[in-house]
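S.K.: pasted the sequence and its predicted model underneath.
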Amino acid sequence: MNKFRRQFVNRSVLILGILGSGLIQLLAPLKAFGRDRSPAFAADNLDAALSEFFPGETIKTSDKLTIDVNDVIENGAVVPLAIKSGLPNVHSITILVEKNPNPLIANFKLHPVCQGFIETRIKMGESSDIIAVVRADDQLYSVRKFVEVIAGGCG
Amino acid sequence: MGSSIKVRTSLRDDQATVRMIVRHPMHTGYEFDAEKEQLIPAHYIERLTVKHGETVVLDCDWSRAVSANPYLSFVFSGAKAGDMLKISWVDNLGESDEAVKELR
């Protein structure tokens, strides 16, 4: 084995090591944080949130969707609600609150084995429309419901 | 301490109803801490995933406006007693937790 070859091997191992650890450091935060988040979560109005989350898509209103929620909520920090879809083949359910600082609240991706149904609890800063957007058979449908909030729950 | 995730499941034929509560502050970053005289930093779950065996049945992306100690319920089919459900979450500070639950 000659000297140059040994040097070359040593250096390549060193360089690979440096590159490798650099890569791991670069990837670590990505792994920790799961994946890229849609910029729509930072949108500060409903139109921007919708157009960033569903770019270039049209959303039809549908009377087959329901938002089960009380008309009047005392504490905006806890607003229990259920979204139900009478439409089959639901791929996702998205919840937005028009007057929250960031209207996009949550997105739920459903496997085909799931029913078109989600129940959860959200925060509302003030009285507002709640909007549910459902992707069914690759078409977006939406429904709105106004909820009166007596004490806001964002701060 | 125990797990931050509490799960209840019920089976009817092959249909499973899943209900869970996750212990998490879900701080928006807008709340004022009167003692420290400063805003409480944002701290909220960004992603929660439910796996039935190896299949991801539900994949959630959340904002800070999901209520503290998030509650979640959903229904899926193709389930049977003894199947395993795995729930995991990651928050905006990179903290995470997971729980495994046997369907019955």
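M.R.: Arrived safely.

S.K.: which ones are touching the residue nearest to the spatial centre of chain B?
M.R.: Chain B has residue B:22 as the residue nearest its centroid, 4.8 Å off, counting by CA atoms, centre = their mean. Contacts for residue B:22 (CB atoms under 8 Å, 6 or more residues apart in numbering or on different chains) come out as B:4, B:5, B:6, B:45, B:48, B:69, B:70, B:72, B:89, B:97. Using the backbone N, CA and C atoms, a C-beta is placed for each residue, glycine as well.

S.K.: same thing but 10 Å
M.R.: B:3-7, B:45, B:48, B:66, B:68-72, B:87, B:89, B:91, B:97, B:99 (CB atoms under 10 Å, 6 or more residues apart in numbering or on different chains).

S.K.: now residue A:145
M.R.: A:65, A:66, A:67, A:68, A:69, A:71, A:81, A:128, A:129, A:130, A:131, A:132.

S.K.: repeat for residue B:98
M.R.: Contacts of residue B:98 by CB under 10 Å, 6+ apart are B:3, B:4, B:5, B:48, B:49, B:51, B:86, B:87, B:88, B:89, B:90.

S.K.: can I take it that the first one is in a strand?
M.R.: Okay, so that is residue B:3. No - membership of residue B:3 in a strand is not supported by DSSP: H, G, I helix; E, B strand; the rest coil, which gives coil.

S.K.: tell me how far the residue of chain B positioned farthest from its centre lies from residue B:68.
M.R.: What lies farthest from the middle of chain B is residue B:37; by CA atoms, centre = their mean that is 30.7 Å. Using CB to CB, to the nearest Å, residue B:37 is found at 22 Å from residue B:68.

S.K.: again with residue A:153
M.R.: The value you get for residue A:153 to residue B:68, if CB to CB is used, is 9 Å.

S.K.: mind listing the strands for chain B?
M.R.: B:5-12, B:15-22, B:32-33, B:38-39, B:45-52, B:55-62, B:71-76, B:84-91, B:96-102 (DSSP state E).

S.K.: flag the helix or strand of chain A with the lowest per-element mean pLDDT.
M.R.: Lowest on mean pLDDT, DSSP states H and E among the helices and strands of chain A sits helix A:3-32, with a mean of 57.

S.K.: oh, that last question was meant for chain B, not what I typed.
M.R.: Ranking every helix and strand in chain B by mean pLDDT, DSSP H and E puts strand B:32-33 at the bottom, with a mean of 88.

S.K.: what's that one in contact with?
M.R.: A:155, B:27, B:38, B:39, B:40, B:41.

S.K.: one more time with 7 Å
M.R.: For strand B:32-33, contacts defined as CB atoms under 7 Å, 6 or more residues apart in numbering or on different chains pick out B:39, B:40.

S.K.: hang on, the earlier thing: so if I had to pick from residue A:153 and residue B:68, which one is more boxed in?
M.R.: Neighbours per residue, other CB atoms under 10 Å in any protein chain shown: of residue A:153 and residue B:68, the larger number sits with residue A:153, 21 against 17.

S.K.: got any ranges where the chain has weak pLDDT?
M.R.: Because you didn't say which chain, this covers chain A. A:1-6, A:8-35, A:154-155 (pLDDT under 70).

S.K.: not quite, go with chain B.
M.R.: B:1.
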